[in-house]
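Asks: build me a model:
(one chain, ligands or ions: 1)
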Amino acid sequence: MLDLYTWTTPNGRKVSIMLEETGLPYRVHAINIGQNDQFKPEFVAISASSKIPVLVDTDGPGGEPYAMMESGAILIYLAHKSAKLLPQSERLRFDALQWLMFQMGGVGPMFGQAHHFLRVAKEPVPYAVDRYTREKDRLYGVLDQRLAAHEYLADEYSIADIATYPWVARFEWHKTDLADHPHVKRWFDAISARPAVQRGMLVPAV
Ligand SMILES: N[C@@H](CCC(=O)N[C@@H](CS)C(=O)NCC(=O)O)C(=O)O
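Replies: Residues are numbered from 1 along each chain as shown. Alright, predicted model coming up:
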């Protein structure tokens, strides 16, 4: 059995979308990060960095229970376990891993900082808003260029798209009009129409 510890955030929803897409059975445990559930000792025991998402596989490597943090690593683990959503072709497989890393190192952290300074910061910090808005716009430009020539980030729908989608879904938070990035919009609309994505985006139910 797979146990997903998660909250209503893009990093959490990457994993619930992946689980819905693969059809692997899983149980959901809501970790309310607004109420500091992530710092409770029982959660820290499975998440060294006190962040969601965490996946616990009771039938992990060697048949032993295994706990994982870091959403990108969890997506690779689930692709391996299900033999789905990481292309078979070597070239496309590495394309998917490249674009997964682009999300993990770029889209996630930069959009996250943009959200913080646009929505959460206790005082206006114009330098930070400008810096992260510019970087967010640059990243949209890179995605739009890629998707102009490829239906999905690695041609086949893969964990790279699953990782990126929930961050783009917060386009209103980072003040982006997807019409300005028509190829991202085409990709976003196609993924939004997938029933598994719609189900994954509702996890956890709160
Ligand atoms: N690189 C990590 C980032 C995880 C992360 O930042 N999780 C956030 C929610 S999206 C969190 O748990 N925040 C709680 C906190 O920072 O205290 C991943 O991709 O899993």
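Asks: and the nearest residue to residue 200 once chain neighbours are set aside, what does it touch?
Replies: Among residues not flanking residue 200 along the chain, residue 17 sits closest, at 3.2 Å (Cβ to Cβ, 6 or more residues apart in numbering). Where C-beta positions appear, they are placed from N, C-alpha and C, glycine not excepted. For residue 17, the contact set (Cβ atoms under 8 Å, 6 or more residues apart in numbering) comprises 162, 165, 166, 196, 197, 200, 201.
Asks: narrow those residues to those in helices?
Replies: 162, 165, 166, 196, 197, 200 (DSSP state H).
Asks: checking residue 152 next. Helix, strand or coil?
Replies: With DSSP: H, G, I helix; E, B strand; the rest coil as the basis, residue 152 sits in coil.
Asks: tell me the confidence at it?
Replies: The model reports residue 152 with a pLDDT of 98.
Asks: that one: how many residues sit nearby?
Replies: If you count neighbours by other Cβ atoms under 10 Å, residue 152 ends up with 21.
Asks: if I pick it, what's in contact with it?
Replies: Residues near residue 152 by Cβ under 8 Å, 6+ apart: 158, 160, 161, 187.
Asks: could you measure from it over to residue 15?
Replies: 19 Å (Cβ to Cβ, to the nearest Å).
Asks: touching, residue 132 and residue 119? I think so.
Replies: No - contact criterion Cβ atoms under 8 Å: residue 132 and residue 119 do not qualify, at 11.5 Å.
Asks: of the two, who's got more company?
Replies: More crowded of residue 132 and residue 119, by other Cβ under 10 Å: residue 132, with 22 against 10.
Asks: helix or strand: which one has the residue nearest to residue 200?
Replies: For residue 17, the host element (DSSP states H and E) is helix 10-22.
Asks: so is that helix next to the ligand?
Replies: Yes - on the criterion Cβ under 6 Å from any ligand atom, helix 10-22 is in touch with the ligand at residue 11.
Asks: for that helix, what is the average pLDDT?
Replies: When pLDDT is averaged over helix 10-22, the result is 98.
Asks: convert the C-alpha atoms of that helix to CSV, please.
Replies: What follows is helix 10-22, C-alpha atoms only, in CSV (Å, rounded to 0.1, in the frame of the first residue of the first chain):
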residue,chain,number,x,y,z
PRO,A,10,1.4,22.2,-6.2
ASN,A,11,4.2,19.9,-4.9
GLY,A,12,1.6,17.8,-3.2
ARG,A,13,-0.7,17.6,-6.2
LYS,A,14,2.1,16.4,-8.5
VAL,A,15,2.1,13.2,-6.6
SER,A,16,-1.7,12.8,-6.3
ILE,A,17,-2.0,13.4,-10.0
MET,A,18,0.7,10.8,-10.6
LEU,A,19,-1.1,8.3,-8.4
GLU,A,20,-4.4,8.9,-10.1
GLU,A,21,-2.8,8.5,-13.5
THR,A,22,-1.1,5.2,-12.7
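Asks: helices along this structure, start to end?
Replies: Taking DSSP H as the criterion, the chain carries its helices at 10-22, 41-44, 71-82, 90-102, 108-115, 126-149, 159-168, 182-192, 195-200.
Asks: and those, which is most packed in?
Replies: For those, the largest average neighbour count (mean count of other Cβ atoms under 10 Å) is found in helix 159-168, namely a mean of 27.
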